[in-house]
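**Q** Sequence first, then the predicted structure:
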Amino acid sequence: MSKVALITGASSGIGEELARIHAEKGGDLVIVARRKDKLIQLKEELEKKHSVQVTVIEKNLANTHAAKEIYDEVKNAGIEVNYLINNAGFGGRGKFHERAWEEDLSMINLNVVALTALTRYFLPDFFKRNEGRILNVSSTASFMPGPLQAVYYATKSYVTFFSNAIAEELHDTDITVTALLPGATETEFAQVSGMDKTSLFNKMVSARSVAEDGYNGMLDGKLDVISGLKFVQHMMIRAIPFMPKRMVLKQVREMQEEVK
């Protein structure tokens, strides 16, 4: 029987590539995003190329009741989800006190609340069957505070530690929870967040490469999957706990300032 993956933020970037990878393996899909036209294009492509069934749900996950509405729609359609992939998220650059509060609130609702709610709705079904895979897309930003992206970095820290915690709660089951932590990736994120003008995003890895790492890590039941970093960047992340916090904050801020 085909495994069904529900993927949020599937209209572009890592989410779109995760959908393609799952379809290539013969898996059916529930794809969720705000842009219905993009979802329909992806549905038509995947169903034609791979003879899979793709269900489209148009939804803005920043809305309070969106996660419950998605869960109810899936249940009412009689779809049994095997893989829950919480990929949807966005960031934004600027000083916290100068940024629009409505934008940061939407970021918290999408990056944190929606991800947590979807996990809470689907996890009891996984538990009843004692099977399932959850992949939560976090970021290497979750390892440190992020001046000039204070809210985004904080939301991704939540995603990583939330994922790790429930993974341990489920240690004696056949359910796994994996956090995918990409570095700078070729997606719409850089343009939307304003990070495309910084040194941090001057060299990016492909969304396909990150998606493959995340998908394979999910199947293997890994706790964390760090993707898209060079050796030097890996070493820098490992050194963060041993560095003076003021030094870390200064370095992160400088990396996120606009290159002139």
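**A** Yep, it's here. Residues are numbered from 1 along each chain as shown.
**Q** pLDDT averaged over stretch 241-252, what's the number?
**A** Taken as a whole, stretch 241-252 has an average pLDDT of 80.
**Q** can you list the weak-confidence ranges in the stretch 101-250 of the chain?
**A** Counting by pLDDT under 70, the stretch 101-250 of the chain contains low-confidence residues at 185-204, 230-235, 239.
**Q** where exactly do the helices run in it?
**A** 101-108, 115-129, 150-169, 189-193, 207-219, 231-239, 245-255 (DSSP state H, counting those that start in this stretch).
**Q** Distance from the second one to the middle of the chain?
**A** If you compare the mean C-alpha spot of helix 115-129 with that of the full chain, they lie 17 Å apart, counting by Cα atoms, centre = their mean, to the nearest Å.
**Q** Could you do the longest one as well?
**A** Helix 150-169 has its average C-alpha position 11 Å from the chain's average C-alpha position, going by Cα atoms, centre = their mean.
**Q** so what does that helix touch, helix or strand wise?
**A** helix 101-108, helix 115-129, strand 132-137, strand 175-182 (3 or more Cβ pairs under 8 Å, 6 or more residues apart in numbering; DSSP states H and E). Backbone N, C-alpha and C define where each C-beta goes, glycine included.
**Q** rerun at 6 Å
**A** On a contact count with 3 or more Cβ pairs under 6 Å, 6 or more residues apart in numbering; DSSP states H and E, helix 150-169 meets strand 175-182.
**Q** cool, and the fifth one?
**A** In terms of contacts (3+ Cβ pairs under 6 Å, 6+ apart), helix 207-219 is packed against helix 13-24, strand 132-137, strand 175-182, strand 185-186, strand 224-227.
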